[in-house]
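> Fold the following for me, if possible:
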Amino acid sequence: MKKLFLFLTLLISIKSFSQSKKIPDLVDYVNPLMGSASNYELSNGNTYPAIALPWGMNTWTPQTGKMGDGWQYTYDAYKINGFKQTHQPSPWMNDYGQFAIMPVTGHLKVSQNGRASWFSHKAEIAKPYYYSVYLADHDVTTEITPTERTAQFRFTYPKNDSSYIIVDAFDRGSWVKVIPGENKIIGYSTKYARGPLKNFKDYFVIYVDKPIVIAHTYSDSILTDSLSLHAKHAMAVIGFKTTTGEQVHMRVSSSFISLDQAELNLKREQNNDSFDVTEQKAKDVWNQTLNHVVVEGGTVDQQRTFYSCLYRMLFFPNKLYEIDANNKIVHYSPYTGTTMPGYMFAGTGFWDTFRALYPFINLVYPHIVKEMQEGLINDYKEGGWLPEWSSPGYSDVMVGNNSASVVSEAYLKGLRGYDIETLYQALIHGANNEGPRATGRKGVEYYNKLGYVPYDVKINENAARTLEYAYDDFAIYQLGRALHKPESEIGIYKKRAMNYKNLFDPSTGLMRGKNQDGSFETPFNPFKWGDAFTEGNSWHYTWGVFQDMQGLINLMGGKKQFVAKLDSVFTIPPIFDDSYYGEVIHEIREMQIVNMGQYAHGNQPIQHMLYLYDYAGQPWKTQYHVRDAMNKLYFAKPDGYCGDEDNGQTSAWYVFSAIGFYSVCPASDQYALGAPLFKKITINLENGKKVLINAPNNSDNNLYVNSMSVNGKPYDLNWLGHHALTNGMVINYNMSAKPNKQRGVKDADSPYSLSTEK
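The predicted structure follows:
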């Protein structure tokens, strides 16, 4: 009896503990260091720990790299030389709007190498809303917590007569001023990587809560006799005595408009909040934002990977706009160099993000996409073109005219309340003209006349341009039709959407560069990266027919041949020709080392390819390969990606795939189906509706869809509709260890293709 009593007592205790146990905050699953173990030769993400709010104007990161180095934080570094305000989308784009802050003690050295301190990841805490690290050489712990346009720092000093804070405004031309009577430092930095930018300044205002005893300015590393300094490389230093464990607080705010606006941003976003209050508010914002997608039933590692990817999707494009003294939305214009009314965003490349990032935020966070569309209107009005890579103005990188997809998709998927007519005219303008710095269409005269950009007219990456222009023409046609434009106006875009056929080589079954006279490029090596293609080869770009997969199936001779070609991607060894680049670029190396044949998930052109079995009546192969890629290529660790993360795109592939579907053709209403990774997924839509996805017997072994139902009815289609999802949906899966080869096999089960449009 006594044993029974003890057992019951223990059982009650366990039950009480389990009931009282707090459900973990979703943000605490996030590892901001995922992808940071990267370098020039090999990218495992090329990320840095971004301490910011979702889509916030400013981001903070510890800086291990030298000033101007795109690899501003790398996991294998062992010294920190500053804490940097950053807007960097990727190391290849580098940064703008940047300055650094560094606490030091002892003999003062202001240069980056001189002030740098050893640190260890064992004494580092990185969360989206909070960062902390111990700087061993200075015996100082630095903590950071953000708002959208400001941040708070908390430095814990040792007992020292010589404690300092260095403010480095960087080396493109900068200004600093120390105002000891107000415990204040002001200044601006003009450093940026991509331009030109007109009248660009990143103004900052900094307050400390301890009287400033020592105040200096430095021109590079040379001490000056002034407290106000304009120089190529201006720095400010303040100093004071500290006691053991003394905490010094710093409030930092910046603006692209003015010092007064920076002060206003500080007052509006921090008021008199303490560090801890600011931290809690930031944590709450992250939890509220991540809570739009709740996953249950996977492993802890899978949940960490999921939310680390979702976190990474919520930064770019970042807000460039501010709120003025009259509570009006205003922004610095990188095109006019003046302050203009309305929204603006920056720091994203549509070549990457049109594929999955924008489709995801259109579905889950449409409120911010509406702001982004209004920002694009201002890009066009102020600069004359829509950006293709914004950082923060027009940047001459990558190919395509994929703003067409970003603009069209948002309207087609239900966004309203902005000037879509101006955006439509911007698309027509961009589709028929070549603009500055990768805007519009390079080779447009050839494309519109011949139906392709020729290989032999000295326009690089011509085949990639052709394929992307064809999809972009489809997006314009779709938008024009939704806006009830006359057929006489939009019919040409529907016709041009078929231009992909002009590059299909029946003798190889692959896309191939074509000369101006209509002959194919010779010799042809399908394993050659670059040249006719962009950061990929023919095996990757052949599948870039998002708008008409059935048309591609027909060109290849039917579904059997199409599937055989898809299968070949995984069975052909990862051989390559790097002669166009003259070196093994990191994207090539990342394909070579993962043992997946020619499948190069580390770069964007082929990421949708795993879902193409849905179009050929073999959805179980999509289910297998997507699960394989998720398990093999993604981990919430410093080496957790298989290539560049790229502004949320590679993360968006994972998040979509873990939910169970993917946007093969963003400018359509449909998502191609895979299979969910978790046992239960809840998507909390902004309209108050929910998408509930249940797969109770999901497991590592049960990765195939045996059957599924949608809103209680059996469902055999290989796609889901966007508008049906936004009305709320309950999807139930019965998963199996063996593929069901009778489900999703009919022609009518396939997702949308332009060729089958009636």
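
> Tell me who's in contact with residue 47.
Neighbour list for residue 47: 34, 35, 36, 38, 312, 641, 645 [criterion: Cβ atoms under 8 Å, 6 or more residues apart in numbering]. In this view, the C-beta of every residue, glycine as well, is placed from N, C-alpha and C.

> Contacts only, for residue 635.
Residue 635 makes contact with 34, 301, 305 under the criterion Cβ under 8 Å, 6+ apart.

> Not counting sequence-adjacent ones, nearest residue to residue 35?
Closest residue to residue 35 in three dimensions, ignoring its sequence neighbours and counting by Cβ to Cβ, 6 or more residues apart in numbering: residue 45, at 1.9 Å.

> Just the pLDDT for the one you found.
Per-residue pLDDT puts residue 45 at 98.

> try residue 12
The per-residue confidence score, pLDDT, reads 42 for residue 12.

> separation between the residue nearest to residue 111 when sequence neighbours are not counted and residue 59?
In this structure, residue 111 finds its nearest non-sequential neighbour in residue 221, 4.8 Å apart by Cβ to Cβ, 6+ apart. Noted for residue 221: a distance of 27 Å to residue 59, by Cβ to Cβ, to the nearest Å.

> Neighbour count for the two, which is higher?
residue 59 (23 against 13; other Cβ atoms under 10 Å).

> wait, doesn't the more buried one sit right on residue 312?
No: in terms of Cβ atoms under 8 Å, residue 59 does not count as a neighbour of residue 312; the distance is 11.7 Å.

> Give me the common contacts of these two.
With contacts defined as Cβ under 8 Å, 6+ apart, the residues adjacent to both residue 59 and residue 312 are residue 50.

> model confidence over the helix or strand where residue 622 lies, on average?
When elements are assigned from DSSP states H and E, residue 622 belongs to helix 619-633. In this model, helix 619-633 carries a mean pLDDT of 98.

> and the next element down the chain from that helix?
Later in the chain than helix 619-633, the nearest helix or strand by DSSP H and E is helix 649-659.

> mind listing what's buried in that following helix?
Residues of helix 649-659 classed as buried: 649, 650, 651, 652, 653, 654, 655, 656, 657, 658, 659 (neighbour count, 16 or more other Cβ atoms under 10 Å).

> can you check stretch 238-254 too?
If you call a residue buried by 16+ other Cβ under 10 Å, then stretch 238-254 has these buried ones: 238, 239, 240, 242, 246, 248, 250, 251, 252, 253, 254.

> how about low-confidence regions in the stretch 251-400 of the chain?
Low-confidence segments of the stretch 251-400 of the chain, defined by pLDDT under 70, are absent; every residue clears the threshold.

> Next, please give the residue ranges for the strands of it.
Assignment of strands within the stretch 251-400 of the chain using DSSP state E, counting those that start in this stretch yields the ranges 293-296, 318-319, 321-323, 329-332, 339-341, 345-346, 348-349, 389-390.

> tell me which strands and helices the second one is in contact with?
Right, strand 318-319. For strand 318-319, the helices and strands in contact under the criterion 3 or more Cβ pairs under 8 Å, 6 or more residues apart in numbering; DSSP states H and E are strand 345-346.

> Please name the strands paired to the strand it packs on in the sheet, noting orientation.
On the basis of DSSP bridges, the sheet neighbours of strand 345-346 come out as strand 318-319 (antiparallel).

> How far off centre is the strand it pairs with?
12 Å (Cα atoms, centre = their mean, to the nearest Å).

> contacts for it?
The contact list for strand 318-319 (Cβ under 8 Å, 6+ apart) reads 52, 55-59, 87, 148, 343-347, 371.

> okay, these in a markdown table with distance to residue 193 next?
Output for these, formatted as a markdown table (distance: Cβ to Cβ, whole Å):
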| residue | distance to residue 193 |
| --- | --- |
| 52 | 19 |
| 55 | 21 |
| 56 | 20 |
| 57 | 18 |
| 58 | 17 |
| 59 | 15 |
| 87 | 10 |
| 148 | 23 |
| 343 | 24 |
| 344 | 19 |
| 345 | 18 |
| 346 | 13 |
| 347 | 11 |
| 371 | 25 |
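
> and the helix or strand where residue 430 lies, which residues are buried?
Residue 430 belongs to helix 420-431 when assigned by DSSP H and E. For helix 420-431, burial by neighbour count (16+ other Cβ under 10 Å) applies to 420, 423, 424, 426, 427, 428, 429, 430, 431.

> about what we covered before: which pair in the contacts of residue 47 spans the largest distance?
Within the contacts of residue 47, 38 and 312 form the most distant pair, 13.4 Å apart (Cβ to Cβ).
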